[in-house]
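A.B. asks: sequence plus predicted model, see below.
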Amino acid sequence: MKSNILVVDDEPVARQSLTDILRLEGYIVSSVPNGQAAVEYVRTHAVDLMVVDLKMPGMDGLEVIQVVNQVSPETEIILLTAHGSIESAMQALRLRIHDYLLKPASPAQIIASVKKGLSRRSKTRASLTAASTEGAQEIFTLKDGTMVDLSRRQIKHKSKVEHLTPAEGRLLRILMENEGKVFSHRELVLLVQGYDTTQREAPEILRPLVSRLRHKLENFPSLSERVVSVRGTGYLYEGSK
């Protein structure tokens, strides 16, 4: 299956040149002239990888990356800039981009980076699929009758019903299907959100999600203490004692 790539650059010549290079490699390529158009495109289309210019009028490349990481965390991103600086490179890497190339990058550099990014995306998707299908059990029924339906992302006990968001559902599934196994913060960010991050940043990314999930589990006594923090490491799902 051909990969979908989005080129984002306000310079028409650069935008067309990048589009042509990637189309010649057999990719399906779309292009937009600014950051706002890029965000709108990603909201409504599946994008495997995005090549985005750093300096653009209005919404710049870093702002685009921040939004895309939220709305489409599986999209790999390559940042291109003619204004190479350590500061912008470090900031971009903190936003979890795949690569950072200085303009003018050669066609060979661009193609190599794109291939590597798409390969990384395939591995991430494989990890997500394996986590959700390996020995997949869709419904867990606890001793007090509380039912956790992972396919519907729903928890029920008598008349009480709680619905989980997709991310909360993925997190609970991974933990429940691997009862007693400690997952590191970094592993959980990769499996739940679909992107890699540093060991230092992962707890900050994960904490709000775990907090929201625990808040919902508080309504069910048999679940309320099951998602356990392992200090300095990550989380596990603790079964009934």
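C.D. replies: Structure received.
A.B. asks: which residues of the protein score low on pLDDT?
C.D. replies: Within the chain, the segments meeting pLDDT under 70 span 83-87, 89-90, 92-93, 123-137, 194-196, 240-241.
A.B. asks: sec struct for the one residue sitting closest to the centre of the chain, please.
C.D. replies: Taking C-alpha atoms, centre = their mean, the centroid of the chain lies closest to Pro73, which sits 3.0 Å from it. At Pro73 the chain is in coil, as set by DSSP: H, G, I helix; E, B strand; the rest coil.
A.B. asks: any idea how far it lies from Val42?
C.D. replies: Distance, Pro73 to Val42, using C-beta to C-beta, to the nearest Å: 11 Å. The C-beta positions use only the backbone N, C-alpha and C, and glycine is treated the same way.
A.B. asks: apart from its chain neighbours, what residue comes closest to Glu225?
C.D. replies: Closest residue in space to Glu225, ignoring its immediate chain neighbours: Glu238 at 7.4 Å, by C-beta to C-beta, 6 or more residues apart in numbering.
A.B. asks: how far away is that neighbour from Asn69?
C.D. replies: To Asn69, Glu238 is 31 Å away according to C-beta to C-beta.
A.B. asks: neighbour-wise, which of these two wins?
C.D. replies: Shown here are Glu238 and Asn69; by other C-beta atoms under 10 Å, Asn69 has more neighbours (17 against 13).
A.B. asks: ok, the residue nearest to Glu225 - contacts?
C.D. replies: Counting by C-beta atoms under 8 Å, 6 or more residues apart in numbering, Glu238 touches Glu179, Gly180, Glu225, Arg226, Val227, Val228.
A.B. asks: redo those as JSON lines? Include distance to Val52.
C.D. replies: Converted to JSON lines, the contacts of Glu238 look like this (distance: C-beta to C-beta, whole Å):
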{"residue": "Glu179", "distance to Val52": "41"}
{"residue": "Gly180", "distance to Val52": "42"}
{"residue": "Glu225", "distance to Val52": "44"}
{"residue": "Arg226", "distance to Val52": "41"}
{"residue": "Val227", "distance to Val52": "36"}
{"residue": "Val228", "distance to Val52": "40"}
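A.B. asks: so how do I select the buried members of the residues you listed in ChimeraX?
C.D. replies: Buried members of those, defined by 16 or more other C-beta atoms under 10 Å, are picked up in ChimeraX with:
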select :226,227
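A.B. asks: Lys103: how many residues sit nearby?
C.D. replies: Per other C-beta under 10 Å, the neighbour tally for Lys103 reads 15.
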